[in-house]
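Q: got a structure for you, letters missing:
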């Protein structure tokens, strides 16, 4: 199956009124079509329930992808956005039109904000931010403390498991403090910097 | 289209050798089929390139969903895992078998660890953790500082925009500090707690 019907039609029947068609000779101006290797298309079948989960999953993945600001990530993220757009456009015609809208400014389909906020997607994002924040905070502080104590060369010589042996008890004590008081006691103290 | 062929076949032609078939009378033991509403199945067509992006997106969404430990999230996450499994099983037979494996312990398909670590999925997760950590850290510290200064009742009476007016300059100064020194100067100081 080819998704390149215009090119295919051109070759088998050149438009009327253009005169003789000579495949070996110089090409008329309308010949300059995009190159067109036949694309293999694959079908996946979904139930309505599965499609609704698929919409949530690709929306979530696109949201997460958009957080990546590393150089070079832009292109990968564009592929996410493109597929999100393609799938959302398709399912608009499969009974999901009420939760999908066309963003005129960005010229792409997206799930409505109303749907997003009451779906599992928003909940998953909020909860993920919370989980990641506390995990990263305790881990980074614990690693910082260990490195300060044993020195960076010693830290660098440890494997993953040995590092964990050092950080685990410190992570635990930070975790206990944060469980009790949140970030109430967390402050920038310049004098520790050189100590 | 129905995915319930067994039931359909039974009704239109009862198996041979079972004697008279009386739809109104008592039902033979083999009658007890699962209830079977016909499922509407919908097709989506993908190019090979789109399928490879789809695999990345659903893997990423499943990873993110698994971070959600809120009560009630388990069921929603199970729907993510189930669709991930269904799609991965299908695409295994569509030329993606080399990046997908069957996890015997969990009895489900997953992308291989080798693929995951060198794909955009792992990069997106790592970068997301980093972005979220610094965003949440500066925002939470700034909000904490503003609430300490103006008091919780005043904070609660502010709308989103007014809150941002208060937090933005403080976020900015935390951001500058973290850009220079990371979390080097960040410490737990108990005496601030009651101040």
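A: That came in fine, so what should we check first? Quick caveat, the model's predicted, so the values are computed rather than measured.
Q: Could you use CA atoms for every contact and neighbour count after this?
A: OK.
Q: Low-confidence ranges, chain A, go.
A: Across chain A, the ranges flagged by pLDDT under 70 are A:1-39, A:191-195.
Q: For it, which segments count as strands?
A: A:41-47, A:100-103, A:108-111, A:186-188 (DSSP state E).
Q: Now tabulate the ones you listed in TSV and tack on distance to residue B:71.
A: Listed next are those as TSV, based on distance: least, Cα to Cα, whole Å:
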stretch	distance to residue B:71
strand A:41-47	27
strand A:100-103	28
strand A:108-111	25
strand A:186-188	28
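Q: can you tell me which residues contact the most centrally placed residue in chain A?
A: Centroid-nearest residue in chain A: residue A:65, 2.3 Å away (criterion: Cα atoms, centre = their mean). If you count contacts by Cα atoms under 8 Å, 6 or more residues apart in numbering or on different chains, residue A:65 has them with A:77, A:80, B:124, B:128.
Q: rewinding a little: and among the strands of chain A, the most buried is which?
A: strand A:108-111 (a mean of 20; mean count of other Cα atoms under 10 Å in any protein chain shown).
Q: Is that strand positioned near chain B?
A: No: using Cα under 8 Å from any Cα of the partner chain, strand A:108-111 never reaches chain B; the gap is at least 15.6 Å.
Q: tell me what that strand is packed against?
A: Contacts defined by 3 or more Cα pairs under 8 Å, 6 or more residues apart in numbering or on different chains; DSSP states H and E place strand A:108-111 against helix A:73-91, strand A:100-103.
Q: anything in the lengthiest helix in chain A near chain B?
A: Among the segments of chain A that qualify as a helix by DSSP state H, the longest is helix A:120-150. Yes: for helix A:120-150, a contact with chain B is found by Cα under 8 Å from any Cα, at A:120, A:124-125, A:127-129, A:131-133, A:136-137, A:140-141, A:144.
Q: between these, which has the most around it?
A: Ranked by neighbour count (other Cα atoms under 10 Å in any protein chain shown), those have residue A:124 at the top, with 23 neighbours.
Q: could you list every residue that touches that residue?
A: B:64, B:65, B:67, B:68 are the contacts of residue A:124 under Cα under 8 Å, 6+ apart.
Q: With residue A:134 instead?
A: Residues near residue A:134 by Cα under 8 Å, 6+ apart: none.
Q: ok, now the one 4 residues further on?
A: Contact criterion Cα under 8 Å, 6+ apart gives A:171, A:174, A:175 as the residues in contact with residue A:138.
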